[in-house]
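1. please find the sequence and the predicted model below.
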Amino acid sequence: MNINRRTISAVVGFIILLGGVRTALRLLISGPSTLFIDFGVYYQAAEYALDGQSLYTADYSSIPNTGSRWLYLPIYTILFIPFTVFPYPVATILWATATALILVVSVAHLSNQLFPSLTTPETVVLGVAVLTFPPILSALFLGQVTPMITAALCLYAGSLVTDRENNLIPGGTATLVAITKPTYLPVGTPLLRSPRRLLGALVVGSVTLIAGVSIFGLDQHIVYLEVLQDGKGWGTESHLSPNEWRVTTYMPWYYLYPHHLFANAAVILTTLLATFLTWAQRDRETELYVLALGLFTVPLATPSPGILDLSIAVPGILVLTALENQRSGGQPIIPVGAAALIATHPFLVEFLAGDVTRGLPVVGAIAEVLLPALPALSPALWASLILFALPLWRLLSQTTRVPTDQTHHLSP
């Protein structure tokens with residue numbers, strides 16, 4: 001089934017429209033003072049790194065309205081040191097611009113590999129849609145590293161599309177993502193299918209760790225392990241009642257708390273099982289379905305989920321749409337529709353749990369009735385389940401298929 005370009009155009013336009021409305025509301029209601037909360041921490045951590053101070057016990061209150069602590073490996077402060085040359089207000093603009101451009105270029109790179117017939121204007125519009133996609137838009141508001149991670153995942157996916165020799169690039173890229181956010185480890189499922197990819201992961205991980213210890217010392221890394229042990233705040237939002245939800249709240253296993261970790265484990269084990277069951281299938285289609293499954297495992301398996309975790313849907317939806325579009329009997333409308341669902345998530349949360357709705361008599365009464373069901377109605381939840389189930393179904397269906405030769409490119 002070849003998806004109609006008008007359908008894709010409609011969904012892309014829908015995402016851009018909702019993103020524009022949300023940006024306007026954010027600036028009008030919250031104001032610019034609430035922006036770049038996380039980048040404020042990164043900026044201060046880079047200054048502390050230059051001064052030789054401890055990154056994990058330092059006071060991060062010198063810049064108002066920022067986060068409270070540094071949560072990444074010490075070596076990642078090097079990424080932010082160049083920005084300390086500029087005053088903080090200028091640095092925030094430079095960081096937001098740089099992350100947005102890098103992400104758009106990475107998305108364009110992956111899109112052109114998956115859909116060679118895309119025109120330049122179509123690629124540009126797709127890039128704008130990605131920037132207004134709720135998880136990415138939230139990350140840009142915060143000055144988060146998430147857009148950079150998403151860009152890396154787009155390059156990672158692209159390397160698997162064209163990887164005929166099982167080179168070291170996929171393993172290295174996946175490792176950099178996983179050591180930045182350990183909960184993103186399931187993105188590495190395709191590495192399990194290739195010793196060379198695993199070697200690339202080992203080499204990049206070892207070099208990064210050795211370089212970090214050489215520059216920042218062993219003590220800083222021991223403290224970082226304590227940060228991981230504390231969970232970096234994992235599970236702190238596990239008991240938010242629906243009336244406390246924010247537009248960035250995403251809790252797929254809300255009704256299972258406090259036993260949600262069993263659901264996380266079940267998702268991961270299912271992904272591993274599907275990966276190993278398709279071991280004999282060495283064709284490119286299977287490889288990319290394994291990739292998509294690993295990507296969509298993350299938002300369902302992370303112990304403390306948030307809307308930012310769905311940024312991983314950007315490369316996943318692109319890959320899944322291409323796979324379904326070139327498959328006989330495929331359903332590319334499913335991943336495209338899931339993207340539209342995610343775009344509506346902040347608006348449903350705001351409608352049911354927001355202050356504005358409560359002030360409207362009739363509408364507020366309807367929202368009050370529906371509010372307790374918000375975790376079940378969550379569009380992001382249903383999108384995540386759909387996006388996980390589709391590649392899982394394809395992989396399990398392929399366990400009885402005769403292996404085919406690899407193909408170099410995918411064409412819709």
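-> Perfect, I can see it now. Numbers count the residues shown, from 1 in each chain.
2. secondary structure element holding Ser111?
-> helix 88-114 (DSSP states H and E).
3. quick one: residues in contact with stretch 271-278.
-> 186, 189, 192-193, 286, 289-290, 293-294, 297, 301, 392, 395-396, 398-399 (C-beta atoms under 8 Å, 6 or more residues apart in numbering). Placement of C-beta: from N, CA and C, glycine included.
4. from the residues you listed, keep the buried residues only.
-> The neighbour count (16 or more other C-beta atoms under 10 Å) marks 186, 189, 193, 286, 289-290, 293-294, 297, 301, 392, 395, 398 as buried among the contacts of stretch 271-278.
5. which strands and helices lie in contact with the helix holding Ser111?
-> Secondary-structure packing of helix 88-114 (3 or more C-beta pairs under 8 Å, 6 or more residues apart in numbering; DSSP states H and E): helix 37-51, helix 120-132, helix 134-142, helix 146-162, helix 313-325.
6. switch to 7 Å and redo it
-> Judged by 3 or more C-beta pairs under 7 Å, 6 or more residues apart in numbering; DSSP states H and E, helix 88-114 is in contact with helix 37-51, helix 120-132, helix 146-162, helix 313-325.
7. next SSE downstream of the longest one?
-> With elements assigned by DSSP H and E, the helix or strand that comes after helix 146-162 is helix 169-180.
8. what does that following helix contact?
-> 72-73, 76, 145, 149, 152-153, 155-156, 159-160, 163, 184-185, 187-188, 190-191, 197-201, 203-205, 208 (C-beta atoms under 7 Å, 6 or more residues apart in numbering).
9. just the buried positions in that helix, please.
-> So, applying 16+ other C-beta under 10 Å, buried residues of helix 169-180: 169-180.
10. please apply the same query to stretch 357-374.
-> Those would be 357-358, 367, 371, 374, for stretch 357-374 by 16+ other C-beta under 10 Å.
11. what's the host helix or strand of Glu350 packed up against?
-> Secondary-structure assignment from DSSP H and E places Glu350 in helix 333-353. Secondary-structure packing of helix 333-353 (3+ C-beta pairs under 7 Å, 6+ apart): helix 5-29, helix 134-142, helix 313-325, helix 361-370, helix 374-377, helix 379-397.
12. quick one, the helix holding Ser111 and helix 120-132 angle?
-> Our comparison of helix 88-114 with helix 120-132, counting by axes from the mean of the first three to the mean of the last three C-alpha atoms, to 10 degrees, yields an angle of 130 degrees.
13. for Phe36, give its distance to Thr399.
-> Remark: distance between Phe36 and Thr399 (C-beta to C-beta, to the nearest Å) = 47 Å.
14. what of Arg6?
-> Going from Arg6 to Thr399 by C-beta to C-beta gives 36 Å.
15. same question, Glu350
-> Counting by C-beta to C-beta - Glu350 and Thr399 are separated by 43 Å.
16. right, and the helices and strands packed on helix 333-353 - which one's nearest Ser61?
-> Closest to Ser61 of the helices and strands packed on helix 333-353 is helix 134-142 (C-beta to C-beta; 17.4 Å).
17. list the contacts of the closest one.
-> Residues contacting helix 134-142 (C-beta under 7 Å, 6+ apart): 19, 22-23, 26, 35-38, 96, 100, 130-131, 146-147, 150, 248, 307-308, 310-311, 314, 342-343, 345-346.
18. ok, 6 Å please
-> Contacts with helix 134-142, where a contact means C-beta atoms under 6 Å, 6 or more residues apart in numbering, come from 19, 35, 37-38, 130, 146-147, 248, 307-308, 310-311, 342, 345-346.
19. and for stretch 16-28?
-> Here stretch 16-28 has contacts from 128-129, 132, 137, 343, using C-beta under 6 Å, 6+ apart.
20. just the CA trace of stretch 84-100, in CSV.
-> Written as CSV, here are the backbone C-alpha positions of stretch 84-100 (Å, rounded to 0.1, in the frame of the first residue of the first chain):
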residue,chain,number,x,y,z
THR,A,84,30.6,29.8,28.0
VAL,A,85,32.5,32.2,25.8
PHE,A,86,29.2,34.1,25.4
PRO,A,87,27.0,35.7,28.0
TYR,A,88,24.2,33.3,29.1
PRO,A,89,21.4,35.0,27.1
VAL,A,90,23.4,34.8,23.9
ALA,A,91,24.5,31.2,24.6
THR,A,92,20.9,30.1,24.9
ILE,A,93,20.0,31.4,21.5
LEU,A,94,23.1,29.8,20.0
TRP,A,95,22.4,26.5,21.6
ALA,A,96,18.8,26.4,20.5
THR,A,97,19.7,27.4,17.0
ALA,A,98,22.5,24.8,16.8
THR,A,99,20.4,22.0,18.1
ALA,A,100,17.5,22.8,15.8
